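# predicted coordinates and the sequence they were generated for:
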Amino acid sequence: MSHRGAPTLQVQRLSHAYGAAPVLREVSFDVAPGEVVAVIGSSGAGKTTLFRSITGLVAPSGGRALVGGRDLATLGGRELARARRQVGLIFQQYNLVRRLSAADNVVIGRLVHLPTWRAVLRRPGADERARAVACLDRVGMAAHARARADTLSGGQQQRVAIARVLAQRSSLLLADEPVASLDPASAASVLATLRAVASDHGIAVVCSLHQVELVGGFADRVVGLGQGRVTLDVPVADFGDDHRAAVYGARLEPSLVQERCP
Amino acid sequence: MTDTAEPRLALPGSSEGECSGADAGSQAPVDPPAASRLPRVRQATLALVAVAVFALCVRLAEVDPGALLEGLPKMAGWAARSWPPSTDGLDDLLVRAAETVAIAVVGTALAAVASLLACVPAARNLTPARLLRVPARWALNACRGVDSFVFALLFVAAVGLGPFAGTLGVAFHTFGSMGKLFAEAIEGMPPGPLEAAELTGAGRLRTVSWVVLPDVAPGLVSVALYMLEFNIRASVVLGVVGAGGIGQQLKNAIDLLNFPRLFTIILIILVMVAAVDALSSRLRAQLR
Ligand SMILES: Nc1ncnc2c1ncn2[C@@H]1O[C@H](COP(=O)(O)OP(=O)(O)OP(=O)(O)O)[C@@H](O)[C@H]1O
Ligand SMILES: [Mg+2]
């Protein structure tokens, strides 16, 4: 698959440290419109931190991340809010509003498009509600549209969080382990949805995963992260067992060994 | 989990909505009290100082058990003379009691509306800018620091005798307490959903109505009901300064040594307070 045009996301020598401990060390990679990049790396490698730095939720200590050519970390106020519409993030912890219905949680992805009175009174209107249900339908959750978020299972909440980001229609979609809580069938279907969103609407997708076997039919490229560095950046066709070992095997811990040899 | 958990606040009612998250029990470990790690001499000195200060306080409070002993028979006499409770002017007393309830209800409601507006700039997670937050906090603290009774004194002078002065007094003091509790309830909510809304580009108004209010609503209603219970009791004394309600009748009965009437008034107050407490705690139990 060829990806033309200016990259949607450019990560340039991005570094981050919590206190003195460096978590990201000069991470660089680009993502083109319509391209799907899988980020793999063991637990604690810095995947979540990478996503948070790209969105500007944490300020990088070095380097920058450009979304559509703009560095979110340098923006503030209205400009930042406007630029953030172009970035959707599926959080590892879902981050739904517990006491709202699944459909209302999806509407949150489109809050900026609601007229003020509808936003304030929390009356999204029939159109937005239908749109939310359609997004829920794409992740197989339409039947739960009216269920309160805190009554849903972990996997169901994760899918609602994905629907919320689909509703946002950003040009860059970041997904932090979006299938970690899903059964194999739902996982495959959610990844197929993300793939379709990228291909059909030219959205750039960056998705972290622990299930390496899933990258095959899903991603265009695989980026490996190890101790905050990019240890691997290859087209998915070239991704093989030796790469996999390089990412996960570099620091084999007992728990990881167990995970690999159940 | 990458989000650092905010320290949980021990807030009336805020615990109900917050048990579903994995972080519900993640309280920072509390250090042992500093005194237990001090050397013995310091400990002894501290204990001595504490005793001295307390003794001084007893002195200043003019604690006099003899006076109490002398007074007890007098009070027993009053109690004897207050039976049977008088039913003279009972209808007027009931109207006055209703006035007391009205002062508390309206005062609490006004305070709730004002608190809802003030808690947004006062909450750290919604208003990181100190320039806005610190003045908001100061305004709340100032109102909280002045009692309803003191406010009522001022308002009697400003708007004249009557329940409206009492209502304003209740409203201003309650605004301080309730606004602070509202802000703390908001600061106790999990940061994740706020970040999620922030990343959609939504502004504060939209975030408050879609993320903050749905999450903290039961906590806020619970706080407001607590304040209502408190204000019923606080409103009883407002009549003493002419700010309306049954307190005026209470003071008159004491001044005239009319004990049967005093007894009736106290019974009415007890029933009134108990009724509102029962109603309010039933409502609070239904919040979820
Ligand atoms: N808020 C924080 N404060 C301090 N250190 C943090 C914070 N968040 C993450 N870290 C540290 O940064 C490192 C990377 O964390 P991160 O969450 O980015 O890893 P991850 O790759 O997403 O892991 P996982 O696969 O388990 O989700 C870890 O060592 C973690 O302890
Ligand atoms: Mg993570």
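Happy to help now that I have it. Residues are numbered from 1 along each chain as shown, chains lettered A, B, ... in the order given. Ligands and ions are numbered 1, 2, ... in the order given.
# which ones are touching residue 243?
Reading this off chain A. A:V222, A:G224, A:L232, A:V234 (Cβ atoms under 8 Å, 6 or more residues apart in numbering or on different chains). All C-beta spots, glycine's among them, are computed from the backbone N, C-alpha and C.
# wrong one, chain B
With contact set as Cβ under 8 Å, 6+ apart, B:A243 has these partners: B:I103, B:A152, B:L153, B:F155, B:V156, B:L161, B:G162, B:P163, B:A165, B:G166, B:G169.
# where exactly do the strands run in chain A?
A:9-18, A:21-31, A:36-40, A:62-67, A:70-71, A:87-90, A:172-176, A:204-209, A:221-226, A:229-235 (DSSP state E).
# thinking again about what came up before, quick check: PyMOL command selecting the buried ones in the contacts of A:H243.
Of those, the buried ones can be selected in PyMOL as follows, counting by 16 or more other Cβ atoms under 10 Å in any protein chain shown:
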select buried, chain A and resi 222+224+232
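# could I get the contacts of A:H243 as JSON lines with distance to ligand 2 and pLDDT?
Below are the contacts of A:H243 laid out as JSON lines (distance: Cβ to the ion, whole Å; pLDDT from 0 to 100):
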{"residue": "A:V222", "distance to ligand 2": "17", "pLDDT": "94"}
{"residue": "A:G224", "distance to ligand 2": "15", "pLDDT": "92"}
{"residue": "A:L232", "distance to ligand 2": "18", "pLDDT": "90"}
{"residue": "A:V234", "distance to ligand 2": "22", "pLDDT": "91"}
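# closest to A:E213 out of the contacts of A:H243?
Nearest to A:E213, judged by Cβ to Cβ, of the contacts of A:H243 is A:V222 at 12.1 Å.
# against chain B, how distant is A:R122?
Distance, A:R122 to chain B, using Cβ to the nearest Cβ, to the nearest Å: 6 Å.
# which residues are in contact with that residue?
Per Cβ under 8 Å, 6+ apart, neighbours of A:R122: A:D104, B:S209, B:W210, B:P214.
# so the third one makes contact with A:D104?
Yes: under the criterion of Cβ atoms under 8 Å, B:W210 makes contact with A:D104 at 7.4 Å.
# need the residues touching each of those two.
By Cβ under 8 Å, 6+ apart, the residues touching both B:W210 and A:D104 are A:V97, A:R122.
# neighbour-wise, which of those two wins?
With neighbours defined as other Cβ atoms under 10 Å in any protein chain shown, B:W210 and A:D104 compare such that B:W210 has more, 26 against 23.
# report the secondary structure state of that one.
Three-state call for B:W210 (DSSP: H, G, I helix; E, B strand; the rest coil): helix.
# for it, which non-adjacent residue is spatially closest?
Once flanking residues are discounted, B:W210 sits nearest to A:I108: 5.6 Å by Cβ to Cβ, 6 or more residues apart in numbering or on different chains.
# neighbours of the one you found, how many?
Count around A:I108 with other Cβ under 10 Å applied: 25.
# stretch B:40-52 - what's its average pLDDT?
Mean pLDDT, stretch B:40-52: 93.
# scratch that, stretch A:66-80 is what I was asking about
pLDDT averaged over stretch A:66-80 gives 88.
# and the end-to-end length of it?
13 Å (Cα to Cα, to the nearest Å).
# which residues are in contact with that stretch?
Contacts for stretch A:66-80 (Cβ under 8 Å, 6+ apart): A:6, A:8-12, A:53-56, A:59-60, A:64-65, A:83-84, A:86-87, A:171-172.
# A:V58 against A:T48, yeah?
No: look at A:V58 against A:T48 with Cβ under 8 Å: they stay out of range, at 9.9 Å.
# overlap in contacts, the two.
Counting by Cβ under 8 Å, 6+ apart, nothing touches both A:V58 and A:T48.
# which residues touch the residue most central in space within chain A?
Residue closest to the average C-alpha location in chain A (Cα atoms, centre = their mean): A:A175, at 1.3 Å. Shown in contact with A:A175 (Cβ under 8 Å, 6+ apart): A:L89, A:I90, A:I162, A:V165, A:L194, A:V205, A:V206, A:C207, A:S208.
# what is the burial count for the residue lying closest to the fifth one once chain neighbours are set aside?
Excluding its sequence neighbours, the residue lying closest to A:L194 (Cβ to Cβ, 6+ apart) is A:V205, at 5.5 Å. Number of residues near A:V205 (other Cβ under 10 Å) recorded here: 27.
# for A:V205, report the pLDDT, please.
On the pLDDT scale, A:V205 is placed at 96.
# out of the contacts of A:A175, flag the one nearest to chain B.
When those are compared for distance to chain B (Cβ to the nearest Cβ), A:L89 wins out at 5.3 Å.
# residues contacting the residue nearest to that closest one when sequence neighbours are not counted?
Sequence neighbours aside, A:L174 is the residue nearest to A:L89 in space, at 4.7 Å (criterion: Cβ to Cβ, 6+ apart). For A:L174, the contacting residues are A:F51, A:I54, A:T55, A:V87, A:G88, A:L89, A:I90, A:V205, A:V206, A:C207, by Cβ under 8 Å, 6+ apart.
# residue ranges with poor pLDDT in chain B?
B:1-38, B:288 (pLDDT under 70).
# can you say which of the contacts of B:A243 are buried?
Buried, going by 16+ other Cβ under 10 Å: B:I103, B:A152, B:L153, B:F155, B:V156, B:P163, B:A165, B:G166, B:G169, out of the contacts of B:A243.
# quick one: contacts for B:E70?
Contacts of B:E70 (Cβ under 8 Å, 6+ apart): none.
# with B:V101 instead?
Taking Cβ under 8 Å, 6+ apart as the test, what B:V101 contacts is B:I232, B:S235, B:M272, B:V276.
# try 7 Å
Taking Cβ atoms under 7 Å, 6 or more residues apart in numbering or on different chains, we find B:V101 in contact with B:I232, B:M272.
# quick revisit: tell me the pLDDT at the residue nearest to the centre of chain A?
pLDDT, A:A175: 95.
# burial measure for A:T231, as a count.
Neighbours around A:T231, by other Cβ under 10 Å: 17.
# may I have the beta-bridge partners of the residue nearest to it when sequence neighbours are not counted?
Spatial nearest neighbour of A:T231, chain neighbours left out: A:G224 (4.5 Å); criterion: Cβ to Cβ, 6+ apart. Beta-bridge pairing for A:G224 (DSSP bridges): A:I40, A:L232.
# A:G224 touches A:Y248, doesn't it?
No: counting by Cβ atoms under 7 Å, A:G224 sits too far from A:Y248 to count as a contact (8.8 Å).
# what's the burial count for B:A136?
Around B:A136 there are 20 other residues, counting by other Cβ under 10 Å.
# quick one: contacts for it?
B:A118, B:P121, B:A122.
# now it: which helix or strand?
Using DSSP states H and E, B:A136 falls within helix B:130-145.
# what sits up against stretch A:51-60?
Looking at what lies outside stretch A:51-60 - Cβ under 7 Å, 6+ apart - the contacts are A:9, A:11, A:14-16, A:24, A:49, A:65, A:72-73, A:80, A:87, A:89, A:174, A:176, B:2, B:195, B:199.
# please redo it, this time with the cut-off set to 8 Å
A:9, A:11, A:14-16, A:24, A:49, A:65, A:67, A:72-73, A:75, A:80, A:84, A:87, A:89, A:174, A:176, A:206, A:208, B:2, B:195, B:198-199.
# and that stretch with ligand 2, contact?
No: Stretch A:51-60 lies out of reach of ligand 2 by Cβ under 5 Å from the ion, never closer than 8.0 Å.
# alpha carbons of that stretch, as PDB, please.
C-alpha atoms of stretch A:51-60 as PDB (Å, rounded to 0.1, in the frame of the first residue of the first chain):
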ATOM      1  CA  PHE A  51       0.700   8.700  23.200                       C
ATOM      2  CA  ARG A  52       0.300  11.200  26.000                       C
ATOM      3  CA  SER A  53       3.300  13.300  24.700                       C
ATOM      4  CA  ILE A  54       1.800  13.300  21.100                       C
ATOM      5  CA  THR A  55      -1.500  14.700  22.400                       C
ATOM      6  CA  GLY A  56       0.200  17.200  24.600                       C
ATOM      7  CA  LEU A  57      -1.300  15.800  27.800                       C
ATOM      8  CA  VAL A  58       2.300  15.600  29.100                       C
ATOM      9  CA  ALA A  59       5.000  18.100  27.800                       C
ATOM     10  CA  PRO A  60       7.900  16.400  26.200                       C
END
